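Participant: what shape does this take:
(2 chains)
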Amino acid sequence: MTDRVHVAVALDGAGWHPAAWREHSARPAALTTAAYWRDLVRAADEAGVAFVTIEDALALGERFDTAPEPRTDRVRGRLDAVLLASFLAPLTTRVGLVPTVTTTHPEPFHVATGLQTLDHASLGRAGVRLVAGSTPAERANFGRRADGPTGLPESGHVEEDPQLVAAFREAGEVAQAIRGLADSWEDDAIIRDLESGRFVDRDRIHNLDFSGEFFSITGASIVPRSPQGQPLVTALAHQSIPYRFAAEHADVVFVTPADPAGTGAILAELAEAAAQVRTEPEPLRVFVDLIVLVEDTADAAREAWDRLEARAPLVTDARIVVGTPDDVVAEIRAFAEAGVDGIRLRPARLPADLNAIAEEVLPRASALLVGDDGAPTLRERLGLPRRASRHTRSEVSA
Amino acid sequence: MSLNPAKRQIHLAAHFPGVNNTTVWTDPTAGSQIDFASFEYFARTAERGRFDYLFLAEGLRLREHRGRIHELDVLGRPNTLAVLAALAAVTEHIGLVGTLSTTFNEPYELARQLATIDHLSGGRAGWNAVTSSDAFHGANFRRGGYLDHADRYVRASEFAEISKALWGSWQDDAIVADADAGVYLDAERIARVRHQTRLFDVDALFDVPASPQGRPVIVQAGDSADGRDFATDHADVIFSLHTEFEDAQDFYRDVKGRLAARGRDEESLKILPAATFVLGDTAEEARERSREIALAQVRPETAITYLEQVWNRDFSGYDPDGPLPEVEPDTGPESAQGFANRHAAVRARIAKLRETAAAENLSIRDLIIRLTANHTFVGTPEFVAGEIDRYVQERATDGFTVVGHLTPHGLDEFTDRVVPLLQERGSYRDTYEDGATLHDLLGLPAVRTGAPVGV
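Facilitator: Have a look, this model is predicted:
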């Protein structure tokens, strides 16, 4: 008997395939409208998806695309992911909302308070996907600092570029700041004590006093503690430095094995990294990323895929599944048997493949999936207990 | 009754109650200042009252009193941008305006955040641009308290210029989305934005398409000469503190008079001072309620704390119903930087307090009530509606930013009792026009997004 898995969905523009916007089912002129995102995320919510991730970047182009911008043959233009998630919070009821945050440029204080607010507005469904590093285009947009990585080194190995390694150290500090600020108010800091006239008990609010290599933050959060205590922290990891980053700081890591058989080696590497660096109390949850294109028949799926690829080939290291709903269910089963905690499906085309996931795939996969037991928050839905603030006193003072 | 075209139209903003002593938390009906339900309730009430926009302040650091966290007033608030984005989902017509610092943000990021809210709200976003430079708030940010006081408005002005260039850098029709031809974007309709100065080094391609308003409405709150210059250069609305009728008229004339020199129309800048109100069935009842609310806003410990902040001394032994302390303030060591200025400023402030207290023989608590809980409009709904209309018709303001004292019910009474009277007078809207942007609600000229304005 295999352990059941969670299913998440990754949302980006018109879908993960660069030609997806040219499909008849696409809504390419609506990608920055409220209606487009409301429809997508409500579909995921109603289908029982545990959480959605929302991509983001701080520049017009794609992260590792070196073509001059503005490129005219690809989707360009997007909305801020944290604010998009905040907008979606009152429109949804169960689905977790996990926006992408780039860790180099934004103020960690704003990022942390934005996520706490997302957690309040969603009643405990906030998460974040942290992305380390910046691109030259992002640095030029901000103009705040000149140094930084220029892309993956020739070898593809992060550890060979000191700038990239530093970017991961900075992302680690941002993760620490997010968790630390979330903990800075104890749960019961607001006392509304009419007798003494005190709204809060200042002894239950704690300055962060964080001083790192890249930034420092003195004060406590401006936001009282949110329903989850801390947001769900996630990261995508392909290789050793990112694995270590995820093992140290994340609750959930997204990985990209080539096939189910390749999953064991990644799980082993993550476990080894976690044994060395992990300080979070719960074990790291591992989700496998799958890019999916779903049609009723295998032939129709292949035909659609070939049409997309002829227009713009997809470059990815994630496993690609092109087929029927049953084919996707078989993939979910195979990875569940390989021992992962969840699957993050990246629809090749939006909204088409999300709708197929919601209407065809998930109902057929129900025996493989962790059902929604009504857990009050995203963390709890994933089996992660609500965190007590690190400052909560173990004994009651007189 | 519908709008009377012969009358000047009143514009109203609704200020969500804040974290100073104006907001009464001891009232049994006072709710959470954090739960989204409070914001949703407040926004829906404002929308029912046909307000132009809802207005949020910003939190950068928790207030402190003598080096420790301030305990007496409401403390803690959510992230301004995230609340506005969530409110866009539960409102249809009302503008959504947030206070956001030009010091502890970067133009590229803030411009894309505000453009995001403008997209998600269908053109209802606004930005109250404020400056800050002090090290206390800076200690929570990457930049720290690095900015010279004199550079606050230099940075703010350049920040606004860069933001406007980014918002204008996509033409409305830059997205072609021609699936057959495989052309998503027309690169000719997107401009690069370059801004290289002592304070900025931006070379940007914006990544958010042109939003429904072209750019969000810009609000400005500073009252200094620099602040007024910023307003006449960049703002669509001024959130002022001038509420005495003649003073308000003077301010109105001064600011509106500066517009022509900048090629701007008078209607292109609205002045909406902050106003508190207390209603009653009779004038007498309203005065009694005003006194009760003032006593709740300035509790004995609040009055003492206020003085402690000015004097920088422990006054816990003083009687709030007694006279002002006669001791000297503690202005810090003489060797401290800026000592002379600070010393003089504190002395001058204390002299002013003594003068006010002596002239009317006020106790400590009554003095602080006079300073912080002096309600702008106190009277029957008819009286308050009449005053608001008079201010607008006689060009003392274009309307008001209404500040209630209760979360989240602070707008209920005003909406139920004053708004209908303004509507009867024919100077306030009965309904929203479908699809109106915040620019439209405020009667501001539309922003041109025909040609990209980047360089």
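
Participant: so who does the closest residue to B:Leu96 other than its chain neighbours touch?
Facilitator: Once flanking residues are discounted, B:Leu96 sits nearest to B:Leu84: 4.5 Å by CB to CB, 6 or more residues apart in numbering or on different chains. In short, each C-beta sits where N, CA and C put it, glycine included. Shown in contact with B:Leu84 (CB atoms under 8 Å, 6 or more residues apart in numbering or on different chains): B:56, B:96-98, B:117, B:125.

Participant: pretty sure A:Val328 sits against A:Glu295.
Facilitator: No: counting by CB atoms under 8 Å, A:Val328 does not reach A:Glu295; the two are 10.8 Å apart.

Participant: could you check which of those two has the larger neighbour count?
Facilitator: Comparing A:Val328 with A:Glu295 by other CB atoms under 10 Å in any protein chain shown, the one with more neighbours is A:Val328, at 27 against 21.

Participant: helix or strand for that one, which one?
Facilitator: Secondary structure assigned from DSSP states H and E places A:Val328 in helix A:325-337.

Participant: name the helices or strands packed onto that helix?
Facilitator: strand A:285-294, strand A:319-323, strand A:342-347, helix A:362-364 (3 or more CB pairs under 8 Å, 6 or more residues apart in numbering or on different chains; DSSP states H and E).

Participant: immediately after the longest one, which helix or strand?
Facilitator: What it means is strand A:285-294. Scanning onward from strand A:285-294 (DSSP H and E), the first element met is helix A:298-311.

Participant: and for that next one, what's in contact with it?
Facilitator: Contacts of helix A:298-311 (CB under 8 Å, 6+ apart): A:17, A:19-20, A:22-23, A:293-295, A:314, A:322-324, A:327, A:348-349, B:182.

Participant: which residues does stretch B:44-53 contact?
Facilitator: B:11-14, B:54, B:90-97, B:124, B:126, B:217, B:399, B:402, B:408-409, B:411-412, B:414-415, B:419, B:423, B:428-432, B:438, B:441-442.

Participant: quick check on these: which are buried?
Facilitator: Those of the contacts of stretch B:44-53 that meet the buried threshold are B:11-14, B:54, B:90-91, B:93-97, B:124, B:126, B:217, B:399, B:402, B:408-409, B:411-412, B:414-415, B:419, B:423, B:428-429, B:432, B:438, B:441-442, by 16 or more other CB atoms under 10 Å in any protein chain shown.

Participant: follow-up on the earlier one: so which of the contacts of B:Leu84 belong to helices?
Facilitator: If you go by DSSP state H, those have B:Ile117 in helices.

Participant: among the contacts of B:Leu84, which one lies nearest to chain A?
Facilitator: Of all the contacts of B:Leu84, B:Ile117 has the smallest distance to chain A: 6.3 Å, by CB to the nearest CB.

Participant: quick one: mean pLDDT for stretch B:45-52?
Facilitator: Averaging pLDDT along stretch B:45-52 yields 98.

Participant: for chain B, what's its nearest residue on the stretch 251-398 of chain A.
Facilitator: A:Arg311 (6.5 Å).

Participant: quick check: that residue vs A:Gly15, distance?
Facilitator: From A:Arg311 across to A:Gly15, the span is 13 Å (CB to CB, to the nearest Å).

Participant: got it, and B:Pro5?
Facilitator: From B:Pro5 to A:Gly15 the distance is 51 Å (CB to CB).

Participant: which of the two has more residues huddled nearby?
Facilitator: Using other CB under 10 Å as the criterion, B:Pro5 and A:Gly15 rank with A:Gly15 on top: 28 against 7.

Participant: just checking, the more buried one touches A:Leu345?
Facilitator: No: assessed by CB under 8 Å, A:Gly15 is found out of contact with A:Leu345, at 11.3 Å.

Participant: the stretch 101-250 of chain A: helices as residue ranges?
Facilitator: Residue ranges of the helices in the stretch 101-250 of chain A, as given by DSSP state H, counting those that start in this stretch, are A:108-121, A:136-142, A:162-182, A:240-249.

Participant: if anything else comes up later, I'll come back, but that's it for now.
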